[in-house]
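3D, please:
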Amino acid sequence: MKKKFALIISMALLLFLAACGGGANESSEKGGEKEEKKVIRAGSTAQSYPNGYEEDGKLVGFDVEVLETVAANLGYEVEWVKSDFAGLMGQLETGKIDTVANFVAVTPERKDKYNFSETYAYAGATIVTHKDNAYDSLEDLKGKTVSGVLGSNNVKNLQNFDPEIIPKTYETRDGAMNDAINKRVDGYVNSKSSLIAEIEKGDLPLKFVGDPFVYEDIALPFVKTEQGEKLSEEFNAEIKKLREDGTLTELSKKYFANEDITVKK
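Got it, this is the predicted structure:
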């Protein structure tokens, strides 16, 4: 009986010590915990050179680096979400992501839906065609087919500019551009800055048709919620700093063949 009682006491003591030991470790772990990470979920097509594209398995590009620089300065870790452009804007609208860093043009319709950051670049929508084609002006493209990215504002601006030019939309920029290169369409519409970079990088057989037919501000969209307003205010302050200290200009020249697209020309 005494042995049984001693065994019970010993087991109870062991359980007590184990419990005390576990509590100390938990307390120590809690004491050593880092603060909860600040995360911002950003969207990119990852197929928009030089705005956002993959290189050696890493997402890089002008818009990508602008967002990551601002986020780092604010203490945010970036989680990238990749999809086609229309899908990204849909995810932003439903709150699945916080913003889209993919050369998003500021429009009256979009301003009704989103809070935009400070402008960090300017886009001049223009059309290119194959060098062999005899199109020299936008007038020459009346009744012709011009490719563009589904959901992009370049296509909408083209329709508004000249309803006689027939748009053909694609889910990706590569698809739209390749059909112009292979003469399956008469032209391809995109921002002049992006086209300059693409043509130089790939030594593409494309030429510009006239001058840009519209210029637009490029900014980061945020949903109209309390969190979205907080993010847009934070990003506004940092983008202003990057403009003032010359960082935006440096990033632009890095990705756009030494062109500064952060100022209107």
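
make it CA atoms for all contacts and neighbour counts henceforth
Fine.

For the stretch 101-250 of the chain, which segments are assigned as strands?
Along the stretch 101-250 of the chain, counting by DSSP state E, counting those that start in this stretch, strands occupy 114-116, 121-130, 145-149, 166-170, 187-191, 206-218, 221-223.

Any chance of JSON lines for those strands, columns distance to Q159 and mean neighbour count?
Listed next are those as JSON lines, based on distance: least, C-alpha to C-alpha, whole Å; neighbours: other C-alpha atoms under 10 Å:
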{"stretch": "strand 114-116", "distance to Q159": "23", "mean neighbour count": "24"}
{"stretch": "strand 121-130", "distance to Q159": "12", "mean neighbour count": "24"}
{"stretch": "strand 145-149", "distance to Q159": "10", "mean neighbour count": "25"}
{"stretch": "strand 166-170", "distance to Q159": "7", "mean neighbour count": "19"}
{"stretch": "strand 187-191", "distance to Q159": "11", "mean neighbour count": "27"}
{"stretch": "strand 206-218", "distance to Q159": "11", "mean neighbour count": "18"}
{"stretch": "strand 221-223", "distance to Q159": "23", "mean neighbour count": "24"}
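
Go through these and name the closest to L251.
Nearest to L251 among these is strand 121-130; the distance by C-alpha to C-alpha comes to 10.7 Å.

quick one: that closest one to strand 206-218, angle?
160 degrees (axes from the mean of the first three to the mean of the last three C-alpha atoms, to 10 degrees).

where does this structure dip in pLDDT?
Low-confidence segments of the chain, defined by pLDDT under 70, span residues 1-35, 265.

do that again at 80, thanks
1-36, 264-265 (pLDDT under 80).

got the contact list for the residue nearest the centre of it?
Of all residues in the chain, the one closest to the mean position by C-alpha atoms, centre = their mean is A101, 2.0 Å from it. Counting by C-alpha atoms under 8 Å, 6 or more residues apart in numbering, A101 makes contact with A42, G43, S44, G52, D63, V64, L67, L220.
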